[in-house]
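Chemist: heads up, no residue letters with this:
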């Protein structure tokens with residue numbers, strides 16, 4: 001009887017990713033909004049805006065950033081789309097795949113016109 005209980009507990013532990021849920025422990029995505037382009041001599045710099053994180057079309061996170069500030073999101077393993085609002089149409093959406101316990105740095109790029 002004791003072996004059966006140990007086997008069931010061990011199987012549950014393995015199937016749940018060592019206690020972190022079905023996909024394992026969350027990962028981290030961090031970075032900044034970078035504006036590039038513009039007239040000759042312009043340099044890329046951090047800009048203010050809103051970073052929105054979506055998974056499967058559903059918003060799962062949002063951060064308002066001041067100029068030069070970084071964002072950080074702790075996300076369950078999966079695929080996410082990060083987008084920037086508040087800087088016009090020149091920003092490129094970025095897709096990231098978060099794995100268990102990962103730490104990713106992502107610059108979200110917006111172009112000056």
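Modeler: Noted; the coordinates are in hand. These numbers were taken from a predicted model, which means no experiment stands behind them.
Chemist: quick one: residue 72 from residue 111, how far?
Modeler: Applying CB to CB, to the nearest Å, the value for residue 72 to residue 111 is 24 Å. Every residue, glycine included, has its C-beta placed from N, CA and C.
Chemist: just the strands in the protein please.
Modeler: Ranges of strands in the chain, per DSSP state E, are 27-37, 45-46, 49-55, 58-65, 71-75, 78-85, 94-98, 103-112.
Chemist: can you list the low-confidence ranges for the protein?
Modeler: Residues of the chain that meet the criterion pLDDT under 70 lie in 1-22, 41-45, 113.
Chemist: so what sits opposite the most centrally placed residue in it in the bridge?
Modeler: Nearest residue to the geometric centre of the chain (CA atoms, centre = their mean): residue 29, 3.9 Å. Assessed by DSSP bridges, residue 29 has beta-bridge partners residue 73, residue 104.
Chemist: could I get the contacting residues of it?
Modeler: Shown in contact with residue 29 (CB atoms under 8 Å, 6 or more residues apart in numbering): 53, 72, 73, 75, 80, 82, 96, 98, 104, 106.
Chemist: any of these buried? List them.
Modeler: 53, 73, 75, 80, 82, 96, 98, 106 (16 or more other CB atoms under 10 Å).
Chemist: any chance of a markdown table for the residues you listed, columns distance to residue 61?
Modeler: Converted to a markdown table, the buried ones among the contacts of residue 29 look like this (distance: CB to CB, whole Å):
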| residue | distance to residue 61 |
| --- | --- |
| 53 | 4 |
| 73 | 5 |
| 75 | 7 |
| 80 | 8 |
| 82 | 9 |
| 96 | 12 |
| 98 | 11 |
| 106 | 13 |
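Chemist: and which of the residues you listed is nearest residue 62?
Modeler: Nearest to residue 62 out of the buried ones among the contacts of residue 29 is residue 53 (CB to CB; 7.2 Å).
Chemist: the closest one contacts residue 76, doesn't it?
Modeler: No - counting by CB atoms under 8 Å, residue 53 sits too far from residue 76 to count as a contact (11.4 Å).
Chemist: tally of neighbours for residue 39?
Modeler: Using other CB atoms under 10 Å, residue 39 has 6 neighbouring residues.
Chemist: I appreciate the help and will end here.
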